[in-house]
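S.K.: fold the following and give me the result.
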Amino acid sequence: MSETLTPEEIEALFTRADGAFLFARWGRPIVPVVFGVQDATLATVKGAVEAVVALAGHSMAETDPELGANLMMFFFRDWQELLAVPDLDRLVPDLAPLVARLEAEGANQYRIFRFDEAGAIRAAFVFLCMDADLGAVPAETLALGQVVQTVLLWSDRAFTGRSALGQLADGRVVLRPDIGALIRAAYDPVLPAMSREPGHALRLAARLQAPS
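M.R.: As a prediction, the model looks like this:
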């Protein structure tokens, strides 16, 4: 593993399967809410949010003036449970067809992002269907992985070949240092909150090289 991502590697992380480059970060403080977990797991998830937000140099808040909470994470055993969540169909249009499609695909996770007028992330919905595969993942690992994948608008294939997380010699799972450095660079206030220009990867790469 190289210690620093190349511009080409960064560009690939934000280039979608259709070939379009799209980068976006949060444009407002993150306000998480978690459904379907016990208190211990709730603390684990919120701890992961706090850690990644601090890494990014971003901020959290007690409430979002528009939505109340803007990062909503749902843990459940069956996709059909989502259809019983009050008013979720108002927040997620076409919820029933989406649930039917995810069930048919055998999916165990799905993320939806909403954006403000500048293209920055204003809300995210994370759905985790706790099948045997996800159920076998330690809560700390699952929470960290999901938060990392939500703090930026990554490509839909960004981590299909290699996880954003790595394992230390003692067995602990942590965020890969190169991905952590990229998240920090992405939240540089000098940079735009959204870009469709592949050249944005060069600006991010330049900040990885800058002395801390």
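S.K.: which residues does the spatially most central residue of the chain contact?
M.R.: Using Cα atoms, centre = their mean, the residue of the chain that lies closest to the mean C-alpha position is residue 150, 1.2 Å off. For residue 150, the contacting residues are 71, 111, 124, 126, by Cβ atoms under 8 Å, 6 or more residues apart in numbering. C-beta coordinates here come from the backbone N, C-alpha and C atoms, glycine included.
S.K.: a helix runs through it, doesn't it?
M.R.: Yes. If the criterion is DSSP: H, G, I helix; E, B strand; the rest coil, then residue 150 is within a helix.
S.K.: helix or strand right after the longest strand along the chain?
M.R.: Assignment by DSSP state E gives strand 121-129 as the longest strand of the chain. Of the helices and strands lying after strand 121-129 in sequence (DSSP states H and E), the nearest is helix 132-135.
S.K.: how far away from the center of its chain is that next one?
M.R.: 19 Å (Cα atoms, centre = their mean, to the nearest Å).
S.K.: check stretch 169-180 too.
M.R.: With Cα atoms, centre = their mean, you get 17 Å for stretch 169-180.
S.K.: coming back round to it: next one: the residue nearest to the centre of the chain from residue 30, what distance?
M.R.: Applying Cβ to Cβ, to the nearest Å, the value for residue 150 to residue 30 is 9 Å.
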